[in-house]
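*Asks:* What would the 3D arrangement of this be:
(one chain, ligands or ions: 1)
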Amino acid sequence: MTVEQLAIAVDDDPRYSGIARLREHTRFYDAVIDEVDGRRIRVGEHWLTDWASCNYLGFDLEPEIIEAVEPQLRRWGTHPSWSRMLGNPGLYPLIEERLAELLGAPDTLVLPTITQIHLSVVPALAGDGTILVDARAHKTIWDGCVFARGQGATVLRFRSLDELASLLPGAAGPVLVCMDGVNSMTGNIPDLPRYLALCRRHGAVLYVDDAHGFGVIGERRPDETSPYGARGNSIVRFHGESYDDVVLVGGFSKAYSSLLAFVAVPTVLKNRLKAAAAPYLYSGPSPTASLATVLAGFDVNADRGDKLRADLHRMTMRVLHHVRGLGIFTPNTDDTPIIELPIALDRDLVEVSELLWARGLFVTLAPYPGVPRDQVGFRVQVTAANTDAEVDHLLDVLSELAAAEVFQPVRETSAS
Ligand SMILES: Cc1ncc(COP(=O)(O)O)c(C=O)c1O
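*Replies:* Residues are numbered from 1 along each chain as shown. This next block holds a predicted model:
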């Protein structure tokens, strides 16, 4: 087979063909952005509002964070280059300590990406035991499970809490239960206390990827500025749970607008991972600019994060009230800023994407198999850097598309 024939085989593979078709026929793939102005972006001559950003707190545009980069570059150079095993600029222990304090977790280990964490930490924890993975878990968790299977673990899928309960008694240990925190597709927040109680009853460890919750949801307090809670310290604190029997994974590439990720674990496990996780041992580290923006992000989060989250919640609710008022189906029942809008089953996503582009909306397209076939559509993410005028415009376009029957009418959602 030639390399060109291999390329055709990839295009014909049902796992990739939906995305390959969108790449070929829509403007929402591989877009080259020529200019950024707040949440407005220019592609060629065409200005769009960016509803695809996951920079939930608007830290990508925050002057205080931008200004924090240069002094650190002058001090440390652009990139440490050592793998973390070899050497770490002093920024690392600062980040890991501040993060542990924010999360209220025993300790943390940071690596460049969540993908790297799943690929290395899931196999290290599972060994030749059993991984029970939520059917709707993020693709990168699944990739970690495939790696773990290659190293001797058994991987089984569950679709509901009841199914998990039926699988746990027969699972050979060590048992790892893997799932998303705030789900990247539906925006919903799982009932962590129930999953955790089940895991604890069966001696299993719950491994949670809260990429979209970290920075957005956090500890509940009487003085919280929104139902997202306070401090953005993620799903374990949001539910008032302890870190016993939990491995929390999260990242800075969404709410903190930086390239870094973390796993929150007890120090004894952190030290074991320092000997077992390939990205710690052998991969290049995050650039200095990313470490600097994380540290400055902690300061801004402490200073005005809760105000930003109040704004984020308020604008998100404007969109969700409108969507619900129009009778449009969205799987989002938990009011997070991830709003997926499946299109009617007789609509074509390429055609809908053209309408969105023409109306000046830049969104995340959601093709199969990233979402179930009956939820193909697009997602908008609200960020604190959006404006009310941009929300007004979004609502107008959604009304227009709803009148043209582009969306699915409200239906019953299945319980998570
Ligand atoms: C739930 C979830 N996990 C992991 C990732 C990947 O994160 P990273 O870019 O840090 O590898 C994403 C990114 O979109 C995500 O949504």
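
*Asks:* Residues of the protein that sit close to the ligand?
*Replies:* 113-115, 138, 140, 180, 184, 209, 211-212, 251, 253, 261 (CB under 6 Å from any ligand atom). Bear in mind the C-beta positions are built from the backbone N, C-alpha and C, glycine included.

*Asks:* and the longest helix along the chain, what other elements does it pack with?
*Replies:* Assignment by DSSP state H gives helix 288-325 as the longest helix of the chain. When contacts are defined as 3 or more CB pairs under 8 Å, 6 or more residues apart in numbering; DSSP states H and E, helix 288-325 packs onto helix 63-67, helix 69-76, helix 91-103, strand 338-342, helix 388-403.

*Asks:* After the third one, which helix or strand is next?
*Replies:* Under the assignment DSSP states H and E, the closest C-terminal helix or strand after helix 91-103 is strand 108-111.

*Asks:* what's the offset of that following strand from the middle of its chain?
*Replies:* 17 Å (CA atoms, centre = their mean, to the nearest Å).

*Asks:* Show me which positions of that strand end up buried.
*Replies:* Using 16 or more other CB atoms under 10 Å as the burial criterion, the residues of strand 108-111 that qualify are 108, 109, 110, 111.

*Asks:* Show me what it packs onto, helices and strands only.
*Replies:* helix 91-103, strand 261-264, helix 267-276, helix 278-282.

*Asks:* Go ahead and name everything in contact with that strand.
*Replies:* With CB atoms under 8 Å, 6 or more residues apart in numbering as the test, strand 108-111 has contacts from 84, 92, 95-96, 99-100, 117, 120, 260-265, 270, 273-274, 277, 279-280, 283, 286.

*Asks:* Now that we have the residues you listed, which of them are buried?
*Replies:* The buried subset of these - by 16+ other CB under 10 Å - is 84, 92, 95-96, 99-100, 117, 120, 260-265, 270, 273, 277, 279-280, 283, 286.

*Asks:* on that earlier part again, among the residues of the chain next to the ligand, which ones are in helices?
*Replies:* 114, 115, 140.

*Asks:* can you tell me which residues contact residue 256?
*Replies:* For residue 256, the contact set (CB under 8 Å, 6+ apart) comprises 57, 59, 214, 215, 293, 294, 297, 301.

*Asks:* I'd guess it is in a strand, am I close?
*Replies:* No - assigned with DSSP: H, G, I helix; E, B strand; the rest coil, residue 256 falls outside any strand and is coil.

*Asks:* and the gap between it and residue 174?
*Replies:* Note on residue 256: its distance to residue 174, by CB to CB, to the nearest Å, is 31 Å.

*Asks:* From the contact counts, what lies against the strand or helix carrying residue 163?
*Replies:* Residue 163 belongs to helix 161-167 when elements are defined using DSSP H and E. Applying 3+ CB pairs under 8 Å, 6+ apart, one finds that helix 161-167 contacts strand 154-158, helix 192-201.

*Asks:* For the first one, report the contacting residues that lie outside it.
*Replies:* Contacting residues not belonging to strand 154-158 are listed as 129-135, 145-146, 148-149, 164, 167, 171-172 [CB under 8 Å, 6+ apart].

*Asks:* Which of those residues sits closest to residue 104?
*Replies:* Taking CB to CB as the measure, residue 104 lies nearest residue 134 of the contacts of strand 154-158, at 24.4 Å.

*Asks:* How much space separates the closest residue to residue 255 other than its chain neighbours from residue 239?
*Replies:* With CB to CB, 6 or more residues apart in numbering as the criterion, residue 255 has its nearest non-adjacent residue at 2.3 Å, and that residue is residue 215. Here residue 215 is placed at a distance of 16 Å from residue 239 (CB to CB).
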